[in-house]
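[1] only geometry, no sequence info:
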């Protein structure tokens, strides 16, 4: 079974400097839901790993986060796609936890939950911390230029071997064409 790990805000849905705090604010980026469906059709299990420090900051609570994810799952289902699991870090940077990207705690949890090694597993994100976390686990960092992606690319210092695509749709099309053994 093939796996791909996606960041959420700026990759699947629009991001905001004010945080995405409720289901009304959670709006999918054009083509992102169809991209996940394409990944599923190509045999990928799709997992989301997302920093959600808005919880730790008191901007929204777990019921709001769950409602956002329910909306994501429902819209994905209507598009013929699915996400197998959502992992999130509720902490702020001040908490110094091991799960907030660029730390690898969420990725270790994913590996444990699914009984896999993340070597070579693609990790798609729009920020340097997304790419650093998957790179640290031996995965394939993929930058999309949506969300914070343009700024991340311009800032440079991307992990070695980072692939760059305009959006999740282009990344999914690339991954869907890879031979089974890659």
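    That came through, no problem. The structure displayed is predicted, hence computed values, not measured ones. Residues are numbered from 1 along each chain as shown.
[2] residue ranges with poor pLDDT in this protein?
    The chain contains residues with pLDDT under 70 at 181-182.
[3] show me where it has strands.
    Secondary structure of the chain, counting by DSSP state E: strands at 2-6, 44-51, 85-89, 122-125, 140-144, 163-165.
[4] Which residues does the second one contact?
    When you say that, I think you mean strand 44-51. 1-9, 12, 36, 39-40, 81-89, 100-101, 106-107, 110, 114, 123, 129, 133, 175 (Cβ atoms under 8 Å, 6 or more residues apart in numbering). Placement of C-beta: from N, CA and C, glycine included.
[5] Pull out the buried residues from the top helix by length along the chain.
    Of all segments of type helix in the chain, defined using DSSP state H, the longest is helix 62-78. If you call a residue buried by 16 or more other Cβ atoms under 10 Å, then helix 62-78 has these buried ones: 64, 65, 67, 68, 69, 71, 72, 75, 76.
[6] Now do the contacts for the fifth one.
    Right, residue 69. Here residue 69 is in contact with residue 86 (Cβ under 8 Å, 6+ apart).
[7] Please repeat the previous calculation with a cut-off of 10 Å.
    By Cβ atoms under 10 Å, 6 or more residues apart in numbering, the contact set of residue 69 is 8, 23, 26, 48, 50, 83, 86, 88.
[8] Check the gap between the second one and residue 32 for me.
    What that stands for is residue 23. 16 Å (Cβ to Cβ, to the nearest Å).
[9] residue contacts, residue 164?
    141, 142, 143, 144, 145, 149, 152, 153, 158, 170, 171.
[10] Which pair of these spans the longest distance?
    Distance extremes for the contacts of residue 164: the farthest pair is 158 and 170 at 16.9 Å, using Cβ to Cβ.
[11] How about residue 14: what's its closest non-neighbour residue?
    In this structure, residue 14 finds its nearest non-sequential neighbour in residue 27, 5.0 Å apart by Cβ to Cβ, 6 or more residues apart in numbering.
[12] does that neighbour really touch residue 10, like I thought?
    No - if you go by Cβ atoms under 10 Å, residue 27 and residue 10 don't touch, sitting 12.0 Å apart.
[13] between the two, who's got more neighbours?
    Neighbours per residue (other Cβ atoms under 10 Å) separate residue 27 from residue 10, with residue 10 holding more: 24 against 14.
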